[in-house]
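> I'd like to go over a predicted model; first the sequence, then the structure.
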Amino acid sequence: MVKSQEVMEGAVKTKVTEHSFYNPHMQFNRDVSSLAFGAIAKEIMGRNIGKISVLDGFCSSGIRGIRYWKENACDGKIVFLDANKNLKPLIAANAKTNGIKKAQFEVAIQDFNVYYNKEGHDFVEIDPFGTPAPFIYNALNQFRYKKRAYLSLTATDTAVLCGARHDACIKNYNSVPLNNDCCHENAIRILIGFAARIACQHNFGVTPLFSFSKRHYVKTMVRLDFGADNALESAKAASMLAIYTPGTLETSLAMPFSKAFRQRNEKAIVSGPVWGGQIWDASFVEGMIKLNTERKYKGYEEAGTFLETISKEASLPPYYFDTHSIFHNEKIQSVALGGIMENLAKAGFKASRTHFTPTAIRTDASYSDMLSAIEKSR
Ligand SMILES: C[S@@+](CC[C@H](N)C(=O)[O-])C[C@H]1O[C@@H](n2cnc3c(N)ncnc32)[C@H](O)[C@@H]1O
């Protein structure tokens, strides 16, 4: 007898068994991802491109795809895919329990990289153990013949993307990581950059809609638009370098590895290539906030605060200043973050908190403007 347990999450009731992988700590991820899926569903329906066809690529019990489906009242087709053959009856039973009709779903038991469906999918979810990098090529195959599609990626290899395993990041993502205060945002930028460079090869441009970092993982959802101009624009955004000199972290298209650059910037740390464009679409995040208030998941207050923070930082420049690092590096007394933000605003700068860390400020001010705002806060 296979041991099983009932799980209630969002609007769905599913079973998980000893064969499936279910991590209750990822409920927050599934909550906000379902909100993002809802915002995408609205975008697709609004543009009249038909019913959404979904591939839940690493589905395990199917809970993620079932939540996307049921909570967003979809009625296209969903394929649940997992390499573990023991999961087939569980996935089918969970789909049926939650009202997905037989004609609307399929269970594919195979390796993600050998799956191909000639009709393709509008939305592909990649939620593997560790890195999604080896699966992005085949995800792009599913978008063949689509003008517009959506890709959702979770990466749990944050030690790699955040630079604790520097060489593995070069190997897996062909990118030099950054192991400092901004490493989680940089991890997302490395991941989006990697996906975008593959998308370009398939003639798709990428627009990040929603990204976040939490616990041991980073997640991003991007839209793909077909066309050479879109792909070229993305190729440029995905080929930026993050240049960190004490106090500043900025992006540049140039490859500043010249001797002259090194002499001028002997303390510079260069990471990349990274995605240098926006990692959120502010109006998309607003749509998620609206859905969150309507839907009221069990953890909707936490999700609400989280999304509000993201909506404020969404239109500000890449990267942020960690105030504790500034106090430490400049050997100055600490002051409250709120006061610094007020003084930045008084000086005409935009400033917000960031969901990446509670001690940092994202702003369009320079490092020296930050130091003035700190001094004025005493
Ligand atoms: C992190 S779990 C997925 C969790 C699930 N999406 C959820 O939200 O509960 C990863 C799943 O990927 C499956 N898997 C691992 N390698 C795979 C591959 N190459 N192709 C398809 N599935 C794979 C595993 O069997 C496992 O069920």
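Right, received. Where do you want to start? Numbering: from 1, shown residues only.
> Okay, and the spatially most central residue of the chain sits in which element?
The residue lying closest to the centre of the chain (C-alpha atoms, centre = their mean) is Thr220, at 1.6 Å. Per DSSP states H and E: Thr220 is located in strand 217-226.
> That strand - which strands sit beside it in the sheet, and in what orientation?
strand 148-155 (antiparallel), strand 204-214 (antiparallel) (DSSP bridges).
> and the ligand, which of those is closest to it?
The ligand sits nearest to strand 148-155 of all the strands paired with strand 217-226, at 7.7 Å, using C-beta to the nearest ligand atom. For every residue, glycine as well, the C-beta is placed using N, CA and C.
> Report the next helix or strand after the closest one in sequence order.
Following strand 148-155 in sequence, per DSSP H and E, is helix 158-161.
> so what does that following helix touch, helix or strand wise?
helix 166-173, helix 183-201, strand 217-226 (3 or more C-beta pairs under 8 Å, 6 or more residues apart in numbering; DSSP states H and E).
> could those go into JSON lines alongside mean pLDDT?
Output for the helices and strands packed on helix 158-161, formatted as JSON lines (pLDDT from 0 to 100):
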{"stretch": "helix 166-173", "mean pLDDT": "94"}
{"stretch": "helix 183-201", "mean pLDDT": "97"}
{"stretch": "strand 217-226", "mean pLDDT": "98"}
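> Let's have these in JSON lines, adding distance to the ligand.
Supplementary listing: the helices and strands packed on helix 158-161 in JSON lines, determined by distance: least, C-beta to the nearest ligand atom, whole Å:
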{"stretch": "helix 166-173", "distance to the ligand": "15"}
{"stretch": "helix 183-201", "distance to the ligand": "16"}
{"stretch": "strand 217-226", "distance to the ligand": "10"}
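> Got the domain ranges for this structure?
4-284, 321-378 (automatic domain parsing).
> which one is the closest residue to the ligand within the stretch 251-378 of the chain nearest to, not counting chain neighbours?
Nearest to the ligand in the stretch 251-378 of the chain, going by C-beta to the nearest ligand atom, is Tyr297, at a distance of 15.0 Å. Using C-beta to C-beta, 6 or more residues apart in numbering and skipping residues adjacent in sequence, the residue nearest Tyr297 is Asp31, 4.9 Å away.
> try Gly76
Lys51 (3.2 Å).
> any idea how far the one you found lies from the ligand?
22 Å (C-beta to the nearest ligand atom, to the nearest Å).
> now Thr97
16 Å.
> Per-residue pLDDT of that residue, please?
At Thr97, the pLDDT value in this model is 97.
> Tell me where the stretch 201-350 of the chain has strands.
Listed in chain order, the strands found in the stretch 201-350 of the chain under DSSP state E, counting those that start in this stretch are 204-214, 217-226, 240-245, 248-252, 269-274, 321-322.
> now swap in the stretch 1-150 of the chain and tell me
So, for the stretch 1-150 of the chain - with DSSP E, counting those that start in this stretch - the strands run 4-9, 12-17, 53-56, 77-82, 105-109, 123-126, 148-155.
> between those strands, which one is nearest to the ligand?
Nearest of the strands of the stretch 1-150 of the chain (C-beta to the nearest ligand atom): strand 77-82, 4.7 Å.
> Sheet partners, orientation included, of the closest one?
Taking DSSP bridges as the criterion, strand 77-82 forms sheet pairs with strand 53-56 (parallel), strand 105-109 (parallel).
> Make JSON lines out of the strands paired with strand 217-226 and add mean pLDDT.
Compiled in JSON lines, these are given as follows (pLDDT from 0 to 100):
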{"stretch": "strand 148-155", "mean pLDDT": "97"}
{"stretch": "strand 204-214", "mean pLDDT": "98"}
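> That concludes my questions; thank you for your assistance.
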